[in-house]
Every structure is written in structure tokens, then in C-alpha cells.
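Student: Below are the sequence and a predicted model for it; my questions follow.
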Amino acid sequence: MSLVDLIKQASLGAVEAANPVAVLFGTVTKTNPLEVNVDQRFTLTSEFLIVPEQLTGYQVTIDGQNIIIRRGLQTGDKVLLLRMQGGHRYVILDRVV
């Protein structure tokens, strides 16, 4: 690795350390597999997204009747995202209403 490459790597590390997280808004464009379009600039696929339990669907059957306990993400939902340091993973915090 050349000296120039080392300097570039060190400067990128300093920038990332100063900005460890970024808050972004997105829209769910597809649910299976999950895709989120961020600020109409780029689309994140499920491999880049971390979805908390509160945003996953959950239903139970009681006496033959399905009861929805928790609605999962659906197409068109607006979501709040946090970009993790390094920019390769995004956490979906919640729906935006």
C-alpha cells in the first residue's frame, strides 16, 4: 500500500469518526424482499437493512380467527433510517406518520 493510499484511508476514518450516524427518510417500495427508497436517491435492499421486531408482522389465531397483533412494513410506508458508521448497514427506526 502506497503512502497516498494510507493518507486517504486515514482521512476517511477521520471523516467517519466525526459523523458516526446519519438520519435519513425513506419509503418502502417492496415488501418481499424488503426494499426502501431513500430520499428518492437510491434503493436499499434487505441485505443492507436491519428491521426491529416492532416493525415485523405478527398475528395469532384464536378460535379459528386471525388477529393481527402487529402490522409489518407495507409498500408506501414512510420510514426513519439511521445509517451506521461505514455506511453499509441501515437501521429502520420506525414508521413516520
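Tutor: Noted; the coordinates are in hand. Numbers count the residues shown, from 1 in each chain.
Student: mean confidence for the helix or strand hosting residue 27?
Tutor: Using DSSP states H and E, residue 27 falls within strand 22-31. Averaged across strand 22-31, pLDDT comes to 94.
Student: So what's the gap between that strand and the chain middle?
Tutor: Once both centres are worked out by C-alpha atoms, centre = their mean, to the nearest Å, strand 22-31 turns out to sit 7 Å from its chain's centre.
Student: got it, and stretch 21-35?
Tutor: Per C-alpha atoms, centre = their mean, the centroid offset for stretch 21-35 relative to its chain is 6 Å.
Student: Check which residues of it are buried.
Tutor: When neighbours are counted by 16 or more other C-beta atoms under 10 Å, the buried residues of stretch 21-35 are found to be 26, 27, 28, 34, 35. (Each C-beta comes from the backbone N, C-alpha and C, glycine too.)
Student: What of stretch 61-76?
Tutor: In stretch 61-76, residues buried by neighbour count (16+ other C-beta under 10 Å) are 72, 73.
Student: And the pLDDT at residue 18?
Tutor: Residue 18 is assigned 61 on the pLDDT scale.
Student: Could you shift the numbering so residue one becomes 167, and keep it that way?
Tutor: I'll keep to 167 as the first residue from here, and by that count the last item is residue 184.
Student: From the contact counts, what lies against the strand holding residue 193?
Tutor: Under the contact criterion of 3 or more C-beta pairs under 8 Å, 6 or more residues apart in numbering; DSSP states H and E, strand 188-197 touches strand 200-204, strand 244-249.
Student: Touching the first one from outside, list them.
Tutor: When contacts are taken as C-beta atoms under 8 Å, 6 or more residues apart in numbering, the neighbours of strand 200-204 outside the stretch itself are 190-195, 209-212, 215, 217, 239, 245, 247, 256, 258.
Student: what about the helices in this structure?
Tutor: Taking DSSP state H, the helices of the chain run over residues 169-184.
Student: which regions of it lie under the pLDDT threshold?
Tutor: In the prediction, the chain carries residues with pLDDT under 70 at positions 179-185.
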